[in-house]
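**Q** Okay, predicted coordinates and the sequence, questions at the end:
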Amino acid sequence: MTFQSITVVGDGQVGRTLAARLTGRGVPARTVGRDLDVGEADLVLLAVPDRAIPEVAQALEPGPWVAHLSGATLLSALDPHTRRFSIHPLQTFTLDRGAEQLDGAWAAVSGETAEALEAGFEVARLLGVQSFELADEDRPLYHAAAMFVAAFLVTIHEAAAELFHAVGAPPEALEPLLRRTIENGFAPTGPHTRADWATIEGHLAAIRGRRPELEPLYRALSDATMELAR
């Protein structure tokens, strides 16, 4: 299966990145906005907020393949289209970077037929990313997993940075530690792995005294870490 022309609906971070990557790899692709002028495209990618997917899908004339890029949204959101699939690039995007944001990324592909899956894997190939099949009903759980290593990681970093600010340490010093944790294959580390409860209680006392609003977060993560350590 090949696509001769691709239209990306949505000119945000994801839409721009995908259109740039496709164009850079010789695939005719363009982005459109609210006018939904998809032209003669044989594939329309919906790079719109999750809540807008059903409305945009219903506004499109049936004919071309239609796919959404959401991680959690089910394929039924693309009704009434039957030539449909989903491809979710497992990456976080910013507007100040280009198509290189897809380098080394993976993508989850969901489809209800063999042909739909083939279409999704072809888009992944065109984007230059590795791909895997994901059952449609498993999308919410899959996306929850992604939240742990993306959105929740940001929350954890912000909490650590706030504690560094409290002691006059530079938050940027945390970044090499974060990178090495990844390079080490997320090997368990810290006082929880050593059952060093005195150190953990010392952490809690210090946080309670200087940044008490962060104590519930530390306790929740500490409990989860101890459970994993077991």
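**A** Sure thing, it's come through. Fair warning: this is a prediction, and the values are worked out from it, not measured in the lab.
**Q** Can you point out the buried residues in stretch 211-230?
**A** Within stretch 211-230, the residues scored as buried using 16 or more other C-beta atoms under 10 Å are Arg211, Leu214, Glu215, Tyr218, Ser222, Thr225. Every residue, glycine included, has its C-beta placed from N, CA and C.
**Q** Likewise for stretch 10-19?
**A** Within stretch 10-19, the residues scored as buried using 16+ other C-beta under 10 Å are Gly10, Asp11, Gln13, Val14, Gly15, Arg16, Thr17, Leu18, Ala19.
**Q** So which residues lie in contact with it, not counting its own?
**A** Stretch 10-19 is contacted from outside by 6, 8-9, 29-33, 45-48, 69, 89, 93-95, 97-99, 101-102, 127, using C-beta atoms under 8 Å, 6 or more residues apart in numbering.
**Q** Restricted to strands, list these.
**A** Ile6, Val8, Val9, Ala29, Arg30, Thr31, Val32, Leu45, Leu46, Pro89 (DSSP state E).
**Q** Just send those back as TSV, with neighbour count and pLDDT too.
**A** Shown next, in TSV, are these (neighbours: other C-beta atoms under 10 Å; pLDDT from 0 to 100):
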residue	neighbour count	pLDDT
Ile6	24	96
Val8	27	96
Val9	28	96
Ala29	22	93
Arg30	16	92
Thr31	17	93
Val32	18	93
Leu45	27	97
Leu46	26	97
Pro89	24	96
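**Q** For Ala107, state which of those residues is nearest.
**A** Ala107 has its nearest neighbour among the ones in strands among the contacts of stretch 10-19 in Pro89, at 4.9 Å by C-beta to C-beta.
**Q** Tell me what the closest one is bridged to.
**A** Under the criterion DSSP bridges, Pro89 forms beta bridges with Ala107.
**Q** Next up, the contacts around it.
**A** Val14, Leu18, Leu69, Leu102, Ala105, Trp106, Ala107, Leu127, Val129.
**Q** Name the SS class of the residue lying farthest from the centre of the chain, please.
**A** In the chain, the residue that sits farthest from the middle, by C-alpha atoms, centre = their mean, is Ala198; the gap is 37.2 Å. Classification of Ala198 using DSSP: H, G, I helix; E, B strand; the rest coil returns helix.
**Q** Just the pLDDT for it.
**A** With respect to pLDDT, Ala198 scores 96.
**Q** So it versus Ser86, what's the distance?
**A** Separation of Ala198 from Ser86 (C-beta to C-beta, to the nearest Å): 49 Å.
**Q** again with Gln130
**A** 16 Å.
**Q** The two: who's more crowded?
**A** Neighbour totals were compared for Gln130 and Ser86, and Ser86 leads with 28 against 12 (other C-beta atoms under 10 Å).
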